[in-house]
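K.L.:
Structure for the following, please:
(one chain, ligands or ions: 1)
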Amino acid sequence: MGLSAAEPSKTGLTMRGIAIGTYGEFPDHAPLRTMAPRGSDIDPDVPDMGYTINDKAEVWSDNILDLYEEAASRQWSATRDIPWGDLPELDPDIEHARCFVATVLSEVEMVAADFPAKWLWLINHDFVEAKMFPYTQVMDEARHTVVFRKRALANGGGLGRASAVVERFLQLILDAQSYDEGSALMHLPGEGIVISLFRAGDAIAPSPVEQQILRLCTARQRLQPLPGGLSRRRAGGRLLLGGLPRTGLPPVVQAVCGVGVLRGSGALRGLRLDALAGTG
Ligand SMILES: [Fe+2]
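P.N.:
Numbers count the residues shown, from 1 in each chain. Presented below is the predicted three-dimensional model:
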């Protein structure tokens, strides 16, 4: 008691709206490693959950609360929000081509969910806002996998072939020894290719249905966290996961990214990779 009531904003009760009094204070170092909500009374004998990301500087951005709300507000349904019934019958060659691209996209989108999910649990629950934002990425990318699977099957074309080359690249991301290494591979060359496919696919889309799919997916790509803790969306400060366990970027990753200045973990932190990625 003694707490002033939260003020809903025009859009509703946001995370920033409940950052009231001591609940709006974020510790520099999490004193415990539990799932107890920050600010709650905690039994003295709670178990240790083993989080390894326990410092605010490793995961925090001043606008992380707002990024989470934006990502949450952009949620959509691959079932309801695509006018599947309006998908026109296409020339068989065009349908085959669209289905091939949909197959590749359904394949590669899943790594953008699996990869962050592999690392996120390590973040201390005291920084719950910094965990919530990347979890929206997991949900969004899983939806992308589904919407392209649906596109391949919606018009009678069916799925195409999954190639070993693509699978090996996805394995490289998933098996990366550090978050930064995998993130550099996924968010720069990987997402760069995906965004190019989205934009090209939109430009030559045979129907508004295909455009709707690609535009809804593209909106998320602009919010992706980038290696070094930066966001494509000009986060304004250091963003999550910049300090996850790292081994430095191996030369192959630097070469793939085409960024010669990325020498080890330190250099990555201060670089505006969103500018390099060409989106924003
Ligand atoms: Fe995606």
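
K.L.:
And the helices in the stretch 101-250 of the chain?
P.N.:
111-120, 128-154, 164-174, 179-185, 191-203, 208-221 (DSSP state H, counting those that start in this stretch).

K.L.:
Out of these, flag the one nearest the ion.
P.N.:
helix 128-154 (3.8 Å; C-beta to the ion). For glycine as for every other residue, the C-beta is placed from the backbone atoms N, C-alpha and C.

K.L.:
what's I53 sitting at in phi/psi?
P.N.:
phi -100, psi 100 (degrees, to the nearest 10).

K.L.:
hang on, it packs against R33?
P.N.:
No: taking contacts as C-beta atoms under 8 Å, I53 lies outside contact range of R33: 9.9 Å.

K.L.:
Could you list the contact residues of the stretch 101-250 of the chain toward the ion?
P.N.:
109, 141, 144 (C-beta under 5 Å from the ion).

K.L.:
with those residues in mind, which one is nearest to R161?
P.N.:
Ranked by distance to R161 (C-beta to C-beta), those are led by E109 at 16.9 Å.

K.L.:
Can you get me a residue count around the residue lying closest to that closest one once chain neighbours are set aside?
P.N.:
Distances taken as C-beta to C-beta, 6 or more residues apart in numbering place H144 nearest to E109, at 3.9 Å, with adjacent residues excluded. Counted with other C-beta atoms under 10 Å, the neighbours of H144 add up to 24.

K.L.:
and H144, what is it in contact with?
P.N.:
Residues in contact with H144 (C-beta atoms under 8 Å, 6 or more residues apart in numbering) are 105, 109, 112, 217, 220.

K.L.:
would JSON lines of the residues you listed with pLDDT, distance to S77 and neighbour count be doable?
P.N.:
Listed next are the contacts of H144 as JSON lines, based on pLDDT from 0 to 100; distance: C-beta to C-beta, whole Å; neighbours: other C-beta atoms under 10 Å:
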{"residue": "L105", "pLDDT": "96", "distance to S77": "18", "neighbour count": "24"}
{"residue": "E109", "pLDDT": "96", "distance to S77": "16", "neighbour count": "22"}
{"residue": "A112", "pLDDT": "94", "distance to S77": "19", "neighbour count": "26"}
{"residue": "C217", "pLDDT": "94", "distance to S77": "13", "neighbour count": "25"}
{"residue": "R220", "pLDDT": "76", "distance to S77": "14", "neighbour count": "20"}
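
K.L.:
how much space between the nearest residue to D28 once chain neighbours are set aside and A30?
P.N.:
Closest residue to D28 apart from its sequence neighbours, by C-beta to C-beta, 6+ apart: K56 at 5.0 Å. Separation of K56 from A30 (C-beta to C-beta, to the nearest Å) stands at 8 Å.

K.L.:
which neighbours do those two share?
P.N.:
Going by C-beta under 8 Å, 6+ apart, residues that sit against K56 and also against A30 are F127.

K.L.:
Relative to D66, how far out is the residue nearest to D28?
P.N.:
Counting by C-beta to C-beta, the gap from K56 to D66 is 17 Å.

K.L.:
And E191, by the same measure?
P.N.:
22 Å.

K.L.:
can you check I193 too?
P.N.:
29 Å.
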